[in-house]
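**Student:** Give me a 3D structure for the following:
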Amino acid sequence: MKRLIIRKKSRKNFLTYGIVVAAYVALMAVMAAGAMPSAIQGLLVPMCAYIIAAVSLNLTVGVLGELSLGHAGFMSVGAFTGCTAAMALANSGMPSWGRMAAAVVVGSLLAAAAGALVGVPVLRLQGDYLAIVTLAFGEIIKTVVTNLYIGIDPQGLHFGFLKPDIGLGKGGKMIVNGPNGISGIEKISTLTAGFLIILLCLVVIFNLVDSRSGRAIMALRDNRIAAESVGINATKYKLMAFVLSAAMAGAAGALYALSQNTVTASKFDFNTSILILVFVVLGGLGNMLGSIVAATVLYILPETWLRQFSDYRMLIYAVVLIGMMLVTNSQKVRTLLGKLLPQKKTKEKEGQGDA
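**Tutor:** Sure, this is the predicted structure:
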């Protein structure tokens, strides 16, 4: 039985990898043939960033079982620190892909540090309390970034808070300009970079879930009291998942910011956190492939064919989310699905008998 479950997980994981690789190859082929409109091409890198954000949040919500409403805050940390690193290295002679990699690494590390800073005291809370605190963290980050000033001159980086006068010398340049955010960003993010980060995140998550630590995390999700009674350190494993999730969100933020001309703190507000949560819920808790599909569809459609309904986007997401919750928690729907999928049940029973 155990070997059967492992084989099923492996097939599902490789199916996810295969679909991501096939989608990348197909997109590159279409772009090489010149058959993709420039407007769609401009959406591909931000789409990858939202996929990474959705997959990383699914680690917290689906695998760990904790509700986080401040995921956009970690993206904001990655976006602004990653952009600062990339712009500081602009005159270093480093190629664009090297600056992109440095930005992603810096954004991930600082977002992970923010996740650890928040997670140590907060992860002792559960349920609604955790959601409220993470929501507050997201708003704190937005306020801090709105009042942050960072510049660079021949002497190095200069930092300031609340006041734009940070003592820049001759030839200095403001990078983060308070409420105006970062402007004049060189677009060095590419679809290939987004594809590689998505694959890396999937490898990390799948290997974590299949490891001893992953089983401990899921045990805490299913029954914390029972897990602690057999010696599982709840704080350690919850913090591990939370920090990893924050690091991936930081990478998503850096990837997104380096695909835009201008980035402000208001982009990473509460609505962005809810949008990412919608991707996770509609794709299925713990289902990484579902998160990828949901993020792709729900990001591309409103930006293209449904642009005329942009004012009602969040309303539509809210209605769909409520509908999904009602449907998935309905016993009648579960019974109907059981009747529609008799072959799946038969195969599972046969597998149990063979085991």
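**Student:** if I pick the residue positioned nearest the centre of the chain, what's in contact with it?
**Tutor:** The C-alpha lying nearest the average C-alpha coordinate of the chain belongs to residue 53 (CA atoms, centre = their mean; 1.2 Å). Counting by CB atoms under 8 Å, 6 or more residues apart in numbering, residue 53 touches 71, 75, 248-249, 252-253, 276, 279, 295. To be clear about C-beta, it is placed using only N, CA and C from the backbone, and glycine gets the same treatment.
**Student:** Now do the helices in the stretch 101-250 of the chain.
**Tutor:** Taking DSSP state H, counting those that start in this stretch as the test, the helices found in the stretch 101-250 of the chain are 128-146, 191-209, 212-222, 224-229, 234-257.
**Student:** Which positions in the second one come out as buried?
**Tutor:** When you say that, I think you mean helix 191-209. For helix 191-209, the neighbour count (16 or more other CB atoms under 10 Å) marks 191, 193-195, 197-198, 201-202, 204-206, 208-209 as buried.
**Student:** go on, the fourth one?
**Tutor:** Neighbour-count burial for helix 224-229, with 16+ other CB under 10 Å as criterion, is recorded at residue 227.
**Student:** Let's test this: mean pLDDT of that helix, rounded?
**Tutor:** When pLDDT is averaged over helix 224-229, the result is 86.
**Student:** Equivalent analysis for the longest one, please.
**Tutor:** Averaging pLDDT along helix 234-257 gives 92.
**Student:** Only C-alpha atoms, please: export the helix or strand following that helix in PDB.
**Tutor:** Using DSSP states H and E, the helix or strand that follows helix 234-257 towards the C-terminus is helix 270-283. Extracted as PDB, the C-alpha positions of helix 270-283 are listed here (Å, rounded to 0.1, in the frame of the first residue of the first chain):
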ATOM      1  CA  PHE A 270      -4.300  43.300   0.800                       C
ATOM      2  CA  ASN A 271      -6.100  42.700  -2.500                       C
ATOM      3  CA  THR A 272      -3.000  41.100  -4.000                       C
ATOM      4  CA  SER A 273      -2.800  38.700  -1.000                       C
ATOM      5  CA  ILE A 274      -6.500  37.800  -1.500                       C
ATOM      6  CA  LEU A 275      -5.900  37.300  -5.200                       C
ATOM      7  CA  ILE A 276      -3.100  34.800  -4.600                       C
ATOM      8  CA  LEU A 277      -5.300  33.000  -2.000                       C
ATOM      9  CA  VAL A 278      -8.000  32.700  -4.600                       C
ATOM     10  CA  PHE A 279      -5.500  31.000  -6.900                       C
ATOM     11  CA  VAL A 280      -4.700  28.500  -4.200                       C
ATOM     12  CA  VAL A 281      -8.300  27.800  -3.200                       C
ATOM     13  CA  LEU A 282      -9.600  27.400  -6.700                       C
ATOM     14  CA  GLY A 283      -6.600  25.200  -7.700                       C
END
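**Student:** so what secondary structure elements neighbour helix 270-283?
**Tutor:** helix 38-58, helix 71-88, helix 128-146, helix 288-303, helix 313-328 (3 or more CB pairs under 8 Å, 6 or more residues apart in numbering; DSSP states H and E).
**Student:** could you give the angle of that helix to helix 234-257?
**Tutor:** Counting by axes from the mean of the first three to the mean of the last three CA atoms, to 10 degrees, helix 270-283 lies at 110 degrees to helix 234-257.
**Student:** Next one: the residue nearest to the residue nearest to the centre of the chain when sequence neighbours are not counted from residue 276, what distance?
**Tutor:** Sequence neighbours aside, residue 252 is the residue nearest to residue 53 in space, at 4.3 Å (criterion: CB to CB, 6 or more residues apart in numbering). Here the criterion is CB to CB, to the nearest Å. By it, residue 252 lies 9 Å from residue 276.
**Student:** Next: residue 181.
**Tutor:** 20 Å.
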